[in-house]
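[1] okay, sequence plus prediction incoming.
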Amino acid sequence: METLVVDHPLVAHKLTTLRDQETDSPTFRRLTDELVTLLTYEATRDIRITDVTVRTPLTLTSGVRLTRPAPLVVPILRAGLGMLDGMARLLPMAEVGFVGMARDEHTLQPATYADRLPRDLSGRQCFVLDPMLATGGTLAAALRMLVERGADHVTAICLLAAPEGLEAVREKLAGTLDPEHGATLRVVTAAVDERLDERGFILPGLGDAGDRLYGSL
Ligand SMILES: O=P(O)(O)OC[C@H]1O[C@H](OP(=O)(O)OP(=O)(O)O)[C@H](O)[C@@H]1O
Ligand SMILES: O=c1cc[nH]c(=O)[nH]1
Ligand SMILES: [Mg+2]
């Protein structure tokens, strides 16, 4: 599983403000939206395209269009919803499937409470949106749901990832990562942070992304 850290001063600038505990919720939402658009630009570098011919006002020329079926974007509720508009801005033709998962704060295990995904994902490029890849339990469970339905090319876009979580996702999905027979899985993120704390939070991190976007429940 490849990890791409998007190294760009605008990404670093926006991420720094997201980390700041003084950043209020409206600003946090706006910056998340902007950051996701920048990450999407990199995450879609190998999006499938088809050659086409187009008629300009002067002549015929060759170009490309996104291949059908359209990509599927999957925000993981709740916090992933804060990333949807920033991605849809660049991929307005994408279809959207939803997965709801909440991590138990004691066991750190994810529980799935919503599944609104197409039954058959064969031949479909998928993009999973979740701001935080902490222990990796949530992302691994979501990736497994997609791969079990036939997805063979999945890119996860995260604002932050922990090294332990990246390793855990790699281990949990080891059987599906064989490039000859399995799915291609990638993580695109603005930063890989230092480590997890004893409560499974990313350090230095930005706190609880869902709470900062939508308020504590
Ligand atoms: O890598 P993990 O250890 O599984 O943790 C990451 C998950 O935790 C957060 O969601 P949370 O469970 O807080 O739900 P929320 O989005 O509703 O706040 C975050 O948005 C990820 O989905
Ligand atoms: O640091 C973390 C870990 C899990 N979920 C979050 O929102 N933040
Ligand atoms: Mg949360």
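    Structure's in. What do you need? Ligands and ions are numbered 1, 2, ... in the order given.

[2] any weak-confidence spans in this structure?
    Where the chain drops to pLDDT under 70, the residues are 177-181.

[3] near ligand 2 at all, the longest helix along the chain?
    As assigned by DSSP state H, the longest helix anywhere in the chain is helix 25-43. No: against ligand 2, helix 25-43 shows no contacts by CB under 6 Å from any ligand atom, the least distance being 11.8 Å. Where you see a C-beta, it was placed from the backbone N, CA and C, and this is true even at glycine.

[4] in terms of secondary structure, what does that helix contact?
    Other elements packing on helix 25-43 under the criterion 3 or more CB pairs under 8 Å, 6 or more residues apart in numbering; DSSP states H and E are helix 9-19, helix 84-88, strand 125-129, strand 153-161, strand 184-192, helix 209-214.

[5] reformat those as JSON lines; add distance to residue 71 and mean neighbour count.
    Converted to JSON lines, those look like this (distance: least, CB to CB, whole Å; neighbours: other CB atoms under 10 Å):
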{"stretch": "helix 9-19", "distance to residue 71": "22", "mean neighbour count": "15"}
{"stretch": "helix 84-88", "distance to residue 71": "10", "mean neighbour count": "19"}
{"stretch": "strand 125-129", "distance to residue 71": "4", "mean neighbour count": "26"}
{"stretch": "strand 153-161", "distance to residue 71": "9", "mean neighbour count": "26"}
{"stretch": "strand 184-192", "distance to residue 71": "13", "mean neighbour count": "21"}
{"stretch": "helix 209-214", "distance to residue 71": "23", "mean neighbour count": "19"}
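
[6] among those, which comes closest to residue 48?
    Residue 48 lies closest, by CB to CB, to one member of the helices and strands packed on helix 25-43: strand 125-129, at 6.0 Å.

[7] Throw the helices and strands packed on helix 25-43 into CSV and include distance to ligand 3, thanks.
    Listed next are the helices and strands packed on helix 25-43 as CSV, based on distance: least, CB to the ion, whole Å:
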stretch, distance to ligand 3
helix 9-19, 15
helix 84-88, 16
strand 125-129, 14
strand 153-161, 13
strand 184-192, 18
helix 209-214, 3
